[in-house]
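Asks: coordinates only, sequence not included:
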């Protein structure tokens, strides 16, 4: 099969590799319909994380081709969506809704899903089958559910977005934009997007943003205070992962409010005294996407949401290198690879 | 009246000062029955915070002597308990339960309550009257409600202590010990106290601790993991305020669990990547004691809890300097001053 391999920083190749095989009786093999490139794939691409002939990708949708002897809830021929952490969905941590921390979790990125086929460990706990084979127009949205939608949704839940609440969203990438969509679905009254890019502002509004703030840092915080009677937002999503973004998120939140942070943290140190005096709730980390997948798949199936709009470049798998380049050069927000 | 003044580090004197007067129509003047010395009073005492002829104290119980023209909910002769933040209890932040961040808040420490009388701003929002004049034996517990019990209670609430939960408590000072009492009252199934002092271990057990862990740091974390099937506690209270204590609290908590932190933060920086991967909830800061006061006063009045046991030294106000010395030298955990 064809599979993306990152030989080193900036060097992405699509190669012929052996098809995956069932190893454990709880495995499934899927034939992918689509996969995509994640913002986090750019860290090794840019040399900011070590990489040496590594298979890439952790987002996936596709058709089940083969199942292990113990798999019960998905069957050959099902169209499935899964998360970037394989999880048993039965341990105490999974049952509490934190499947990204399952005691048996497997990081899908170590297996690689930018490929024609993939082995999915713990298939029963990991995969969610759609009600039938989806129309092609639904594929991008189902693809988004695998990570960026699920992550944005978790951020909105962690920020306790809901009726009567004002939520601000730091970060206008795919996850931030889908955090807006999630907040709108969760009933937030007012949704303020931090963004200074016209195209992303437009998508933010389409997803439910009621206000756009172009200022950043302490000026951005001052604007949020102005818009909220001096108090700050009830809820804030942090979807960047830098010190500046985290500070902006914490300072934009009123005492007793909630910050949901999902930007993968890079060189962040939160000052204890500032956090102490802020009186906010802070919750985040890798999203337990599996918790939300059944609900998200249904919303997409019923055409109530269209998260696939975050993909602004679609390429065949064999042109993955172009996709990495486009995301690295910021000419694309999020790249979908068709298989 | 007599009042404690800290002339400089290590120099505490009790002086004759002018009686406080009603300034705003929402003020009340109380004659104190008791006050106490807080761990936080030791920072300036030790020269770790600047101090120059400063009035001291922010905890208080006593009898209302005079009220301003607009005061409605307390009357002359009432016995009252209040928090270290005066609050209007009507603004949007107060109504959300975060009275320590009231938009009109006044820090009682700036007025000083280690004194015979004190002016209480925003009396209606700040003070809670007891059902009658309390028996003398109840005074220490009502005194504790003013700060250390209210703070421990907030920590347990922030940590989401409750039925079926295992909670660990970092810090065996007055606040940590009363966090144990709060967790027990909130129905926690298992309460693990970190402590290596026999007398505090005994009080921890009396307040509801089911297990004692003497190890600290990563060894302490390893013990918590052993006691919780490898997962960590559901809930952890941090009642110290140091980098080590915060790290111990975060690492002792299972993914999806809750840390309630109330130790006043000193030189703490929380690593973003560790917090991201931990998947915990973090909430804390100055406790909104006023939120809990009516409930706490009733529990004390009905003799269902006895938080006054944290006071292990009682002195008259005029011997306050001895009390500071005892707490500084750790021969006392918490000093009550009778007035």
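Replies: Arrived safely. Not measured: the values here are computed from a predicted model.
Asks: next, count neighbours for the residue found closest to residue A:107 once you drop the neighbours it is linked to in the chain.
Replies: Closest residue to residue A:107 apart from its sequence neighbours, by C-beta to C-beta, 6 or more residues apart in numbering or on different chains: residue A:85 at 6.2 Å. (C-beta placed from N, C-alpha, C; glycine too.) Residue A:85: 22 surrounding residues under other C-beta atoms under 10 Å in any protein chain shown.
Asks: likewise for the one 3 residues further on?
Replies: A count of nearby residues for residue A:88, using other C-beta under 10 Å, gives 20.
Asks: and it, what are its phi and psi?
Replies: phi -80, psi -20 (degrees, to the nearest 10).
Asks: wait, it touches residue A:123, no?
Replies: No: using C-beta atoms under 8 Å, residue A:88 is not in contact with residue A:123; the gap is 10.2 Å.
Asks: hey, which helix or strand in chain A has the poorest pLDDT?
Replies: helix A:42-45 (a mean of 93; mean pLDDT, DSSP states H and E).
Asks: elements contacting the helix or strand following it?
Replies: Proceeding N to C from helix A:42-45, the next assigned helix or strand is strand A:54-55, under DSSP states H and E. Strand A:54-55 is packed against strand A:2-8, with contacts defined by 3 or more C-beta pairs under 8 Å, 6 or more residues apart in numbering or on different chains; DSSP states H and E.
Asks: buried residues in the strand it packs on?
Replies: Across strand A:2-8, burial judged by 16 or more other C-beta atoms under 10 Å in any protein chain shown covers A:2, A:3, A:4, A:5, A:6.
Asks: picking up where we left off before, got the buried residues for the least confident helix or strand of chain A?
Replies: In helix A:42-45, counting by 16+ other C-beta under 10 Å, buried: A:43, A:44, A:45.
Asks: that one close to chain B?
Replies: No: against chain B, helix A:42-45 shows no contacts by C-beta under 8 Å from any C-beta of the partner chain, the least distance being 12.5 Å.
Asks: which strands or helices does that helix pack on?
Replies: If you count contacts as 3+ C-beta pairs under 8 Å, 6+ apart, helix A:42-45 packs onto helix A:320-328.
Asks: now the helix it packs on, how far from the centre of its chain.
Replies: 18 Å (C-alpha atoms, centre = their mean, to the nearest Å).
Asks: contacts for that helix next, please.
Replies: The contact list for helix A:320-328, computed with C-beta atoms under 8 Å, 6 or more residues apart in numbering or on different chains, reads A:4, A:10, A:12-14, A:37, A:39, A:41-42, A:45-46, A:114, A:313, A:315, A:332-335, A:337.
Asks: hey, where'd the helices end up in the stretch 201-339 of chain A?
Replies: Applying DSSP state H, counting those that start in this stretch to the stretch 201-339 of chain A gives helices spanning A:217-227, A:243-251, A:272-278, A:289-301, A:320-328.
Asks: of all those, which one is nearest residue A:61?
Replies: helix A:289-301 (9.9 Å; C-beta to C-beta).
Asks: give me the contacts around that closest one.
Replies: So helix A:289-301 is contacted by A:81-85, A:87, A:89, A:94, A:97-100, A:125-126, A:128, A:130-131, A:134, A:138, A:141-142, A:145-147, A:149-151, A:153-154, A:157, A:185, A:305-307 (C-beta under 8 Å, 6+ apart).
Asks: mind running it again at 7 Å?
Replies: Outside helix A:289-301, the residues that touch it by C-beta atoms under 7 Å, 6 or more residues apart in numbering or on different chains are A:81, A:83-84, A:87, A:89, A:97, A:99, A:126, A:128, A:130-131, A:138, A:141-142, A:145, A:147, A:149-151, A:153-154, A:305.
Asks: so of those residues, which ones are in strands?
Replies: Using DSSP state E, the members of those that fall within strands are A:81, A:128.
Asks: among the contacts of helix A:289-301, name the buried ones.
Replies: Those of the contacts of helix A:289-301 that meet the buried threshold are A:81, A:83-84, A:87, A:89, A:97, A:99, A:126, A:128, A:130, A:138, A:141-142, A:145, A:147, A:149-151, A:153-154, A:305, by 16+ other C-beta under 10 Å.
Asks: which residue sits closest to whichever residue of the stretch 51-200 of chain A sits closest to chain B, ignoring its sequence neighbours?
Replies: At 3.4 Å from chain B, residue A:101 is the closest residue in the stretch 51-200 of chain A, using C-beta to the nearest C-beta. Spatial nearest neighbour of residue A:101, chain neighbours left out: residue B:255 (3.4 Å); criterion: C-beta to C-beta, 6+ apart.
Asks: same question, residue A:79
Replies: In space, and not counting its chain neighbours, residue A:79 is closest to residue A:130: 4.7 Å by C-beta to C-beta, 6+ apart.
Asks: contacting residues around that neighbour?
Replies: Going by C-beta under 7 Å, 6+ apart, residue A:130 touches A:79, A:81, A:142, A:297, A:301.
Asks: what pLDDT is listed against the closest residue to residue A:323 other than its chain neighbours?
Replies: With C-beta to C-beta, 6+ apart as the criterion, residue A:323 has its nearest non-adjacent residue at 3.8 Å, and that residue is residue A:335. pLDDT for residue A:335: 97.
Asks: thought residue A:312 was touching residue A:335, still the case?
Replies: No: with contacts counted by C-beta atoms under 7 Å, residue A:335 stays clear of residue A:312, the gap being 8.1 Å.
Asks: neighbour count winner among these two?
Replies: residue A:335 (24 against 16).
Asks: and that one, how far from residue B:38?
Replies: Using C-beta to C-beta, to the nearest Å, we find residue A:335 at a distance of 57 Å from residue B:38.
Asks: so stretch A:219-227, near chain B or not?
Replies: No: looking at stretch A:219-227 against chain B by C-beta under 7 Å from any C-beta of the partner chain, there are no contacts, and the closest approach is 12.0 Å.
Asks: now do the buried residues in that stretch.
Replies: Neighbour counts over stretch A:219-227 (16+ other C-beta under 10 Å) mark A:220, A:221, A:223, A:224, A:225, A:227 as buried.
Asks: identify the residues contacting the residue of the stretch 51-200 of chain A closest to chain B.
Replies: Neighbour list for residue A:101: A:93, B:255, B:256, B:279 [criterion: C-beta under 7 Å, 6+ apart].
Asks: just checking, the second one touches residue A:93?
Replies: Yes: Residue B:255 is within contact range of residue A:93, at 5.7 Å (criterion: C-beta under 7 Å).
Asks: give me the more crowded residue out of those two.
Replies: The residue with more neighbours, out of residue B:255 and residue A:93, is residue A:93; 25 against 22, by other C-beta under 10 Å.
Asks: just the element for that one, please.
Replies: If you go by DSSP H and E, residue A:93 is part of helix A:92-95.
Asks: identify all contacting residues around the helix or strand following that helix.
Replies: For helix A:92-95, the following helix or strand on the C-terminal side (DSSP H and E) is strand A:106-107. By C-beta under 7 Å, 6+ apart, the residues outside strand A:106-107 that reach it are A:85, A:86, A:121, A:122.
Asks: how much space separates the closest residue in space to residue A:117 that isn't next to it in sequence from chain B?
Replies: In space, and not counting its chain neighbours, residue A:117 is closest to residue A:1: 5.0 Å by C-beta to C-beta, 6+ apart. Computed as C-beta to the nearest C-beta, to the nearest Å, the residue A:1 to chain B distance reads 32 Å.
Asks: which residues does residue A:1 contact?
Replies: Neighbouring residues of residue A:1 by C-beta under 7 Å, 6+ apart: A:17, A:19, A:115, A:116, A:117.
Asks: what sits against the closest residue to the third one other than its chain neighbours?
Replies: The spatial neighbour of residue A:115 that comes closest, neighbours along the chain excluded (C-beta to C-beta, 6+ apart), is residue A:3 at 3.7 Å. With contact taken as C-beta under 7 Å, 6+ apart, residue A:3 is in contact with A:15, A:17, A:55, A:112, A:114, A:115.
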